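In: what would the 3D arrangement of this be:
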Amino acid sequence: MGVAPLWCNRTMDQKLTSLTTVVERTDVRLRSPQAEVRIWPTGFPILDESIGGGFRAGALNVLAGPQGQGKSTMAMQMCRNAAVSGCSAVMFSFELEAEVLLQRLISMEAGLMFGHSAPPISQIREAFDGRGQSGGLPERLAECAGPMAIEALMSIGRYSDRLVIHRSTTAHTDMQSISECAKEVYADTGQPPLIVVDYLQKVKPFDRTMSEEQQITLITQQLKDLAIDFASPVLALSSADRDGLKPGQRMRARHLKGSTALAYEPDVVMIMNTKADIVNRDALIYDVNGLEKMREWTVVTLEKNRQGSGGLDIEFRKKFLQGRFDIDGTVVSERLVEERLDG
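Out: Numbers count the residues shown, from 1 in each chain. From the prediction side, this is the model:
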């Protein structure tokens with residue numbers, strides 16, 4: 001186990017505190033050689049710049065979008081980037097097994113290291129399947145994906161102790177288990193972790209007699225409390241309600257399941273849409289191939305941003321063959337529409 005976690009000695013501010021005390025306490029914290037981390041970088045420079053340097057301690061962040069947008073991929077890349085920067089992170093995965101996430105991480109790491117020449121995720125997956133091969137993971141990776149995959153695995157080893165995966169299930173993983181596991185990561189690493197929940201709507205509810213909206217409202221509030229209790233950022237992935245999944249509908253925050261709580265509680269709300277679905281067709285009048293090219297880009301809209309301006313549309317290129325996004329995003333220059341357009 002690592003050093004005693006700071007939450008062992010910290011009490012919540014459930015009493016009146018003068019600003020003089022806050023100033024003194026902050027000064028002591030910042031002067032400490034082991035000062036607590038207050039910002040966890042996402043590793044996407046333009047996004048970090050827009051939200052005040054990254055995910056902030058005590059903040060609830062929501063990442064949402066229609067199915068197939070790459071929400072889990074972007075969340076995993078953010079976890080990886082936080083760990084590379086020296087922070088710790090824990091991902092509660094309701095969707096994917098730990099080995100599948102490792103496959104994606106190896107492919108992602110290779111892509112970040114070697115660009116388009118890196119092996120695709122299909123070759124990494126083949127090494128994990130193990131059919132007709134011998135040896136352990138390094139030997140199988142070398143055979144199926146080559147030396148770049150080995151270098152990616154070695155690179156992951158430099159930060160893997162700070163990136164923890166929890167295989168979560170709707171039947172067993174409730175807010176109490178999330179809190180207890182986050183405490184364990186805190187104790188092991190000696191620092192508050194970035195807490196990622198994939199998905200918010202799959203967390204086991206406290207009371208199944210409550211309506212779905214009531215359950216989501218309570219879980220959202222509890223995730224916000226968790227961020228404050230741990231002085232950690234929480235990143236919760238969210239799915240859309242039925243209206244948000246209709247063909248021809250651009251997803252917005254109002255389409256999230258439990259939208260009232262998800263609009264009020266989070267500090268940052270990011271909505272993902274495929275660029276081709278939401279760009280104004282006037283932008284393509286002189287470019288007949290432009291629509292197909294735009295399918296390679298995801299637009300992340302900062303619908304809510306307490307650390308800066310909201311409404312910003314940022315585009316990132318999909319590199320899904322390598323299980324990642326290009327980190328060098330840009331502000332969308334084309335005019336986007338409110339509603340998605342039929343192809």
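In: I figured residue 267 was touching residue 60, is that so?
Out: Yes - under the criterion of C-beta atoms under 8 Å, residue 267 makes contact with residue 60 at 5.7 Å. For glycine as for every other residue, the C-beta is placed from the backbone atoms N, C-alpha and C.
In: more neighbours: which of the two?
Out: residue 60 (25 against 21; other C-beta atoms under 10 Å).
In: quickly list what that one is bridged to.
Out: residue 234 (DSSP bridges).
In: let me see the contact set for it.
Out: Neighbouring residues of residue 60 by C-beta atoms under 8 Å, 6 or more residues apart in numbering: 220, 223-224, 227, 233-234, 236, 265-268.
In: among these, which ones are in helices?
Out: Mapping the contacts of residue 60 onto helices (DSSP state H) picks out 220, 223-224, 227.
In: which ones are touching the residue nearest to the spatial centre of the chain?
Out: The residue lying closest to the centre of the chain (C-alpha atoms, centre = their mean) is residue 75, at 2.4 Å. Residue 75 sits next to 63, 91, 196, 198, 235, 237 when contact means C-beta under 8 Å, 6+ apart.
In: what about the closest residue to it other than its chain neighbours, how many residues nearby?
Out: Closest residue to residue 75 apart from its sequence neighbours, by C-beta to C-beta, 6 or more residues apart in numbering: residue 196 at 5.3 Å. By other C-beta under 10 Å, the residues close to residue 196 number 26.
In: so residue 196 touches residue 94, yeah?
Out: No - using C-beta under 8 Å, residue 196 is not in contact with residue 94, being 11.0 Å away.
In: all helices of the stretch 51-200 of the chain, in order?
Out: Remark: helices assigned in the stretch 51-200 of the chain by DSSP state H, counting those that start in this stretch are 71-84, 98-114, 121-129, 137-145, 147-156, 175-189.
In: dump those helices to TSV, plus mean pLDDT and distance to residue 27.
Out: Output for the helices of the stretch 51-200 of the chain, formatted as TSV (pLDDT from 0 to 100; distance: least, C-beta to C-beta, whole Å):
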stretch	mean pLDDT	distance to residue 27
helix 71-84	96	26
helix 98-114	95	38
helix 121-129	92	48
helix 137-145	91	48
helix 147-156	96	38
helix 175-189	94	24
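In: please identify the deepest-packed of the ones you listed.
Out: Comparing the helices of the stretch 51-200 of the chain on average neighbours per residue, with mean count of other C-beta atoms under 10 Å, the densest one is helix 71-84 at a mean of 24.
In: got TSV for the contacts of residue 75, with pLDDT and distance to residue 157 too?
Out: Output for these, formatted as TSV (pLDDT from 0 to 100; distance: C-beta to C-beta, whole Å):
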residue	pLDDT	distance to residue 157
63	96	27
91	96	18
196	98	21
198	93	24
235	98	24
237	96	27
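In: closest one of the residues you listed to residue 146?
Out: Closest approach between those and residue 146, by C-beta to C-beta: residue 91, at 27.5 Å.
In: how far away is that closest one from residue 197?
Out: Residue 91 sits 8 Å away from residue 197, going by C-beta to C-beta, to the nearest Å.
In: show residues contacting stretch 216-224.
Out: Outside stretch 216-224, the residues that touch it by C-beta under 8 Å, 6+ apart are 60, 175, 197, 200-201, 203, 205-206, 210, 234, 236, 257-258, 260-262, 265-266.
In: just the buried residues of those.
Out: Taking 16 or more other C-beta atoms under 10 Å as the criterion, what is buried in those is 60, 175, 197, 200-201, 203, 205, 234, 236, 257-258, 261-262, 265-266.
In: farthest-separated two in these?
Out: Spanning the widest gap among these are 205 and 266, at 19.1 Å by C-beta to C-beta.
In: which residue packs closest to residue 171, ignoring adjacent ones?
Out: Nearest residue to residue 171 in three dimensions, chain neighbours excluded: residue 204, at 6.8 Å (C-beta to C-beta, 6+ apart).
In: now the helix or strand hosting residue 263, how far from the chain's geometric center?
Out: According to DSSP states H and E, residue 263 maps onto helix 259-264. Remark: helix 259-264 is offset 19 Å from the chain centroid, using C-alpha atoms, centre = their mean, to the nearest Å.
In: could you do stretch 295-312 as well?
Out: Distance, centroid of stretch 295-312 to centroid of chain: 14 Å (C-alpha atoms, centre = their mean).
In: let me know the average pLDDT across it.
Out: Mean per-residue pLDDT for stretch 295-312: 89.
In: in that stretch, what counts as buried?
Out: 297-305, 307, 312.
In: between those residues, which is nearest residue 87?
Out: Nearest to residue 87 out of the buried residues of stretch 295-312 is residue 307 (C-beta to C-beta; 17.5 Å).
In: which residues are in contact with that closest one?
Out: 50-52, 56, 267-268.
In: quick check on it: phi, psi?
Out: Residue 307 has phi and psi values of phi -100, psi 0 when expressed as degrees, to the nearest 10.
In: how far does the helix or strand of the chain with the lowest mean pLDDT sit from its chain's centre?
Out: Least confident helix or strand, the chain: helix 19-31 with a mean of 75, by mean pLDDT, DSSP states H and E. Centre-to-centre, helix 19-31 and its host chain are 31 Å apart (C-alpha atoms, centre = their mean).
In: state the distance from the residue nearest to the centre of the chain to residue 89.
Out: 10 Å.
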